[in-house]
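1. here's a sequence, model it:
(2 chains)
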Protein chains: 2
Amino acid sequence: MLPDCTLIEGKIVTEETKEARTTEKRRTDGNIIYVGSKPPMSYVLAVVTQFQSSGSDEVIIKARGRAISTAVDAAEIVRNRFITDAKLTDIKIGTESVTNEEGRTSNVSSMEITLTMKKKSKSKEQ
Amino acid sequence: MLPDCTLIEGKIVTEETKEARTTEKRRTDGNIIYVGSKPPMSYVLAVVTQFQSSGSDEVIIKARGRAISTAVDAAEIVRNRFITDAKLTDIKIGTESVTNEEGRTSNVSSMEITLTMKKKSKSKEQ
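-> Predicted coordinates for the structure are as follows:
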């Protein structure tokens, strides 16, 4: 029974490594907002809260598939209406493999938008 | 009647300048693929054709609103399946003002993805 276990474990590990390569890389999970099927304003609120309550100077908005356009909407609303000094520092697009419960793999597009806000400091480095 | 006219003209000019700033800037229209509500493969075909028939080394995929996710799908399919040496050289997001036939203005998110393919040359500059 031991070899089976290792096989299964091996498989899980491989899958996770593959996923990890395309999605999360190096960041802490705290400043990432995952966009789903809610209206854009829900995510706008999440981003603004993230900037203001947790004091992070960088928020990453992530989305897959159909939610990509909602992510762009949310980022644009934040930038134009709420936090006008937030800058778009990075936009990435990519493809992720998603396996459904029947074991079939399909590809889905993904997007990551990084918004950065300069800290309000009176030093020269702004 | 003259002051009225000028007022209206002034308004129109202002709107158009605002639009121009967010959308087209400096490119020729030839290498731009506008993404709409068709399935992604239609636009994949358009992009591949653009690269291969017209010999352009840069294709810009543009989309607004819900079509943004289709644009990302198309760019990813081109890059992963058809033209694997195409590089994503630029991704921009923005907001455009759209006026409907009743004269009401609404904002819509827009996206521009620039794909660049290195020319097949035997010189060192690749």
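
2. stretch A:48-65 and chain B in contact?
-> Yes - residues of stretch A:48-65 are located near chain B by C-beta under 8 Å from any C-beta of the partner chain, namely A:Gly65. No exception for glycine: its C-beta is placed from N, CA and C like everyone else's.

3. quick check: mean pLDDT of that stretch?
-> Taken as a whole, stretch A:48-65 carries a mean pLDDT of 90.

4. let me know the helix or strand that the residue positioned nearest the centre of chain A is in.
-> In chain A, the centroid-proximal residue (C-alpha atoms, centre = their mean) is A:Lys62; its distance is 2.7 Å. For A:Lys62, the element it lies in under DSSP states H and E is strand A:58-64.

5. quick one: contacts of that strand?
-> By C-beta atoms under 8 Å, 6 or more residues apart in numbering or on different chains, the surrounding residues in contact with strand A:58-64 are A:23, A:27, A:31-36, A:43, A:47, A:50-51, A:70-71, A:74-75, A:89, A:96, A:98, A:108-117.

6. which bits of chain A sit near chain B?
-> A:65-69, A:72-73, A:75-76, A:80, A:88, A:91-95, A:107, A:109, A:111, A:113.

7. now those residues: which count as buried?
-> Buried subset of the residues of chain A next to chain B (neighbour count, 16 or more other C-beta atoms under 10 Å in any protein chain shown): A:65-69, A:72-73, A:75-76, A:88, A:91, A:93-95, A:109, A:111, A:113.

8. in strands only, show me the contacts of strand A:58-64.
-> Taking DSSP state E, the ones among the contacts of strand A:58-64 that sit in strands are A:32-34, A:89, A:96, A:98, A:108-117.

9. tell me the one of those nearest chain B?
-> A:Ser109 (4.4 Å; C-beta to the nearest C-beta).

10. name the residues linked to the closest one by a beta bridge.
-> A:Ser109 has the following beta-bridge partners by DSSP bridges: A:Thr95.

11. ok, back up a step: can you pull the buried residues of the strand holding A:Lys62?
-> For strand A:58-64, by 16+ other C-beta under 10 Å, it's A:58-64.

12. just the helices in chain A please.
-> All helices of chain A, identified by DSSP state H, fall at A:2-22, A:40-53, A:67-77.

13. now the angle between strand A:58-64 and the second one, please.
-> Helix A:40-53 and strand A:58-64 are oriented at 160 degrees to each other (axes from the mean of the first three to the mean of the last three C-alpha atoms, to 10 degrees).

14. CA atoms only: put helix A:40-53 into CSV for me.
-> Written as CSV, here are the backbone C-alpha positions of helix A:40-53 (Å, rounded to 0.1, in the frame of the first residue of the first chain):
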residue,chain,number,x,y,z
PRO,A,40,-17.3,45.1,-10.1
MET,A,41,-18.1,47.4,-7.1
SER,A,42,-17.7,44.5,-4.7
TYR,A,43,-14.1,44.1,-5.8
VAL,A,44,-13.6,47.9,-5.9
LEU,A,45,-14.5,47.9,-2.2
ALA,A,46,-12.2,45.1,-1.5
VAL,A,47,-9.3,46.8,-3.2
VAL,A,48,-9.9,50.1,-1.5
THR,A,49,-10.2,48.4,1.9
GLN,A,50,-7.0,46.6,1.3
PHE,A,51,-5.2,49.8,0.5
GLN,A,52,-6.6,51.7,3.4
SER,A,53,-7.0,49.3,6.3
